[in-house]
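**Student:** Predicted model follows, preceded by the sequence.
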Number of protein chains: 2
Amino acid sequence: MTQAHRVVIVGGGFGGLYAAKELGKSAAQVTLIDKRNFHLFQPLLYQVATGTLSPADISSPLRGILSKSRNVQVLMDEVTGIDPEANQITLRERDQKIDYDSLIVATGVSHHYFGNDQWKPDAPGLKTIEDALEIRRRIFVAFEAAEKEPDPEQRKAWLTFVIVGGGPTGVELAGAIAELAFNTLKDDFRTIDTTEAKILLVEGLDRVLPPYPPELSEKAAQALARLGVTVQTKSLVSNIADHVVTIKQGDEVHEVPARTILWAAGVKASTMGKVLEQQAGATLDRVGRVMVEPDLSVPGYPNIFVVGDLANYMHQGDRPLPGVAPVAVQEGKFVAKLIKQRLAGAAAQAKFVYDDAGSLAVIGQNEAVVNMRSFKLSGPPAWFLWIFAHIYYLIEFDNKLIVTIQWMWNYFTRNRGARLITGESSLVQDYELATEQSPKSPVEV
Amino acid sequence: MTQAHRVVIVGGGFGGLYAAKELGKSAAQVTLIDKRNFHLFQPLLYQVATGTLSPADISSPLRGILSKSRNVQVLMDEVTGIDPEANQITLRERDQKIDYDSLIVATGVSHHYFGNDQWKPDAPGLKTIEDALEIRRRIFVAFEAAEKEPDPEQRKAWLTFVIVGGGPTGVELAGAIAELAFNTLKDDFRTIDTTEAKILLVEGLDRVLPPYPPELSEKAAQALARLGVTVQTKSLVSNIADHVVTIKQGDEVHEVPARTILWAAGVKASTMGKVLEQQAGATLDRVGRVMVEPDLSVPGYPNIFVVGDLANYMHQGDRPLPGVAPVAVQEGKFVAKLIKQRLAGAAAQAKFVYDDAGSLAVIGQNEAVVNMRSFKLSGPPAWFLWIFAHIYYLIEFDNKLIVTIQWMWNYFTRNRGARLITGESSLVQDYELATEQSPKSPVEV
């Protein structure tokens, strides 16, 4: 009896999970390794950060999703090393080694502060559930602190929210915070008027949502203005310190006192890219992503693949494929099929081709932009399309029903039930101590 | 113009919140102070701990609940002192002082380890959202660690769950963990068989649910046995150390290696009791609760009231009223009405009388016991009554709809969508370090 072909998948995000699902019930013996015990539906993470959804609404236990794929084992652990000559990976716990015949690396990206990592504690980014809960805590603590603040200048700083980066995440966060301040919370305080809040979205280029066509960027900017967001383009953040953001717009320099600063400006590859560079001689791009072959393998190692945000795929168009969920899903499925073809002795696919269905970004209730192959949309129709696209994706997991109802509920009541301030630094005083000493970085590298 | 009567309420649990609601739209000027920005529906906290519900499903922002009561201000802060002569309380932040004409103290209780506080890190109790998430993390990490554990003895310890205390919370936790091990998770692992888990419920008295009639305790014990829980009565925990629980049953001493130990054995009053003892000469009972007058005031201070779990009310029957939500709700409303009567110049009620509708405890799906004035129930009818009673209570908040649907969903699918392991010590290795060093106690005192 020959041993089954062993596939190790590192990372349970969109790329890794869809590869594992595709390999379920195949002849391969699959091990999926993730630090977390759940798959996270990252496109909705900003709704956890702004108090609309709960973490569990957008997460599914990996074991539950793969429960019926008896040939797939899930291990909750972290991969610390790859030995591409011995075909082994090393786990963090007990330095245990696991043999593979094929390896799929799908560990994604984290925040990038462009050499200013000291800004991290003051300006957390949004990648994990913990990030989202930390941002949620900061947003709602800011209103609570403002309510108690006797000094008008300080109060203004508590009510100022700066979002750095005008891509989809920045736009979503800014829109959601504006809805909180100008709508959800407006009757909840007695001393402050939450509609005096200032929500500032800072973007380096000349328009928000730079990857979109200019007319959709314009629609998005108009929608943001309607919601009460101040958009400042062609502006760079030159410093973040002591609750002040320094913003350069051409020759002008502004200092904006703000107690809540959120980072949505850039990503860099997870450390697994570095490991592949050192151990397998992989070439990394500027942000640490792995340059892959047309079949998504690492040059020189036809049995090691990189999929999802960690891969730089340059073989379609003149730019790398974007770091979005549909790319990761299709890449994960492609590699899984390729492995199955090899196992069946069939000719394996030689080149991955991304089928781009278009892109969507949401700004707020009834406000979104949609850029499809054949049409562009904005306003309520775009918003409904955005909702249904996300429910369609969630349909494969167990959360669809609840999330749909939660959304409808929120839609009709404009309520935000999940605006809990939890965790250790819940009180404003503790919170200030915690952020000033920054004992834990909200950022995973 | 005379100044409005100022009521300060400390604590936004059942007692404090219902007092605030009752005083809403009255002539009084009300300030509700809580460390948290939400009201917690504690009877369902065990469902957060065992991965069925999310924190937000059983919590409601206090500001949202009281949004329309324009005479009520919510402050997120902690009260550190009471000066009953000056009629002032002191807030933790900035040592700010607030004047009151009437004061309602409703700060509840926390865990009691009967002089063995060193057990806290190994055996967390269940009072706060953070407690629930910590317990959830431990339960699900235990299964993950067992899956990777090569040593059979160690694996057995990871799959052993000891719940100390056979009251309603202990019974609920034991039943829910049994359902996880024997049902929800049974197809999710490849190395371990989760149905080999041992769930041990330890109770000092001769039966579980001691406050209930013996025949219902017997029904509950039978239901627990059906679910796979081992009930050990007349047993005391004499030590918890190094992942071993020492249990004394008469003269016999057992040592049970267990990586998950949960504390549901006792409560003690929050520190506000001590403050009232020192500042207002209040008498405390054995667990620190404040002995109150028939109108729930503190002896000698007719304008200071204690309601809910922190109060020891001995003026009805031969025992203090139990620390359950309906008592707190009725006490909070009683005091609020009494204050309104005084304001109206009417004769104020002289004595609180608890209207006991009965009590319910749930053991698992379709398994519950109900003890009403006129009837007793067990099995599915009791379970449905339990569900509807809880929905009825939640009806006044915004979470009813979601929770109902979540329950129905779970009922038909036996799913546990919220079994996420989150927080800093998510990996087993980190987790072990964290618990061994116990940098943060999961217990608030």
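**Tutor:** The structure has been received and is ready for your questions.
**Student:** now the stretch 1-150 of chain A, which segments are flagged as low pLDDT?
**Tutor:** Applying pLDDT under 70 to the stretch 1-150 of chain A flags residues A:1.
**Student:** Sketch out the strands for it, chain order is fine.
**Tutor:** Assigned by DSSP state E, counting those that start in this stretch, the strands in the stretch 1-150 of chain A fall at A:6-10, A:29-34, A:38-40, A:59-61, A:72-76, A:79-83, A:88-91, A:97-99, A:102-105, A:109-111.
**Student:** What pLDDT is listed against A:D398?
**Tutor:** pLDDT for A:D398: 56.
**Student:** out of the strands of the stretch 1-150 of chain A, deepest packed?
**Tutor:** For those, the largest average neighbour count (mean count of other CB atoms under 10 Å in any protein chain shown) is found in strand A:102-105, namely a mean of 28. C-betas here are computed from N, CA, C, even on glycine.
**Student:** so what secondary structure elements neighbour that strand?
**Tutor:** Applying 3 or more CB pairs under 8 Å, 6 or more residues apart in numbering or on different chains; DSSP states H and E, we find strand A:102-105 packed against strand A:6-10, helix A:14-23, strand A:301-306, helix A:325-343.
**Student:** Neighbours of A:M272, how many?
**Tutor:** Close neighbours of A:M272, defined as other CB atoms under 10 Å in any protein chain shown, add up to 23.
**Student:** In contact with the residue lying closest to it once chain neighbours are set aside: list those residues for me.
**Tutor:** Excluding its sequence neighbours, the residue lying closest to A:M272 (CB to CB, 6 or more residues apart in numbering or on different chains) is A:T107, at 4.2 Å. With contacts defined as CB atoms under 8 Å, 6 or more residues apart in numbering or on different chains, A:T107 is in contact with A:V10, A:G11, A:G13, A:V79, A:S270, A:T271, A:M272, A:L310.
**Student:** Of those, which is the nearest to chain B?
**Tutor:** A:V79 (11.9 Å; CB to the nearest CB).
**Student:** Show me the beta-bridge partners of that closest one.
**Tutor:** A:L91 (DSSP bridges).
**Student:** List the contacts of it.
**Tutor:** Counted by CB under 8 Å, 6+ apart, A:V79 has contacts A:V10, A:I33, A:I89, A:T90, A:L91, A:R92, A:T107, A:M272.
**Student:** sorry, back to before: kindly reformat the contacts of A:T107 as a markdown table containing distance to A:M372.
**Tutor:** Shown next, in a markdown table, are the contacts of A:T107 (distance: CB to CB, whole Å):
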| residue | distance to A:M372 |
| --- | --- |
| A:V10 | 33 |
| A:G11 | 29 |
| A:G13 | 25 |
| A:V79 | 37 |
| A:S270 | 31 |
| A:T271 | 36 |
| A:M272 | 33 |
| A:L310 | 27 |
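**Student:** Surely A:T160 touches A:I261?
**Tutor:** No - using CB atoms under 8 Å as the test, A:T160 is too far from A:I261 to be in contact (9.1 Å).
**Student:** got the residues of the stretch 51-200 of chain A near chain B?
**Tutor:** A:54-57, A:59-61, A:63-64, A:67-68, A:70, A:73-78, A:92-93, A:96, A:129-130, A:133, A:140, A:144, A:147-148, A:185, A:187-191 (CB under 8 Å from any CB of the partner chain).
**Student:** just the buried members of those?
**Tutor:** Buried by 16 or more other CB atoms under 10 Å in any protein chain shown: A:54-57, A:59-61, A:63-64, A:67, A:73-78, A:92-93, A:129-130, A:133, A:140, A:144, A:147-148, A:185, A:188-189, out of these.
**Student:** Pick out whichever of the contacts of A:V79 sits closest to chain B.
**Tutor:** A:R92 (6.5 Å).
**Student:** gap between the residue nearest the centre of chain A and chain B?
**Tutor:** By CA atoms, centre = their mean, the mean C-alpha position of chain A lies nearest to A:K127, the distance being 4.3 Å. A:K127 is 14 Å from chain B, where distance means CB to the nearest CB, to the nearest Å.
**Student:** nearest residue to that residue other than its sequence neighbours?
**Tutor:** Nearest non-adjacent residue to A:K127 (CB to CB, 6+ apart): A:S110, at 5.6 Å.
**Student:** Hmm, A:S270 and that neighbour touching each other?
**Tutor:** Yes - proximity of A:S110 to A:S270 meets the contact threshold set by CB under 8 Å, at 6.1 Å.
**Student:** pretty sure A:Q42 contacts A:G12?
**Tutor:** No - with contact defined as CB under 8 Å, A:Q42 does not reach A:G12; the gap is 11.9 Å.
**Student:** still on that earlier bit, can you redo the helices and strands packed on strand A:102-105 as CSV with distance to chain B?
**Tutor:** Shown next, in CSV, are the helices and strands packed on strand A:102-105 (distance: least, CB to the nearest CB, whole Å):
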stretch, distance to chain B
strand A:6-10, 14
helix A:14-23, 13
strand A:301-306, 23
helix A:325-343, 19
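**Student:** what's the most buried one of these?
**Tutor:** The highest mean neighbour count among these, using mean count of other CB under 10 Å, belongs to helix A:14-23: a mean of 27.
**Student:** For the stretch 301-445 of chain A, just list every one of the strands.
**Tutor:** With DSSP E, counting those that start in this stretch as the criterion, the stretch 301-445 of chain A has strands spanning A:301-306, A:311-312, A:359-364, A:367-371, A:376-378.
**Student:** rank the ones you listed by pLDDT, which is bottom?
**Tutor:** Ranked by mean pLDDT, those bottom out at strand A:359-364, with a mean of 88.
**Student:** Show me what that strand packs onto, helices and strands only.
**Tutor:** Where contact means 3+ CB pairs under 8 Å, 6+ apart, strand A:359-364 is packed against helix A:168-179, helix A:214-227, strand A:367-371, helix A:380-394.
**Student:** so what pLDDT did the closest residue to A:E218 other than its chain neighbours get?
**Tutor:** In space, and not counting its chain neighbours, A:E218 is closest to A:R207: 7.2 Å by CB to CB, 6+ apart. pLDDT, A:R207: 96.
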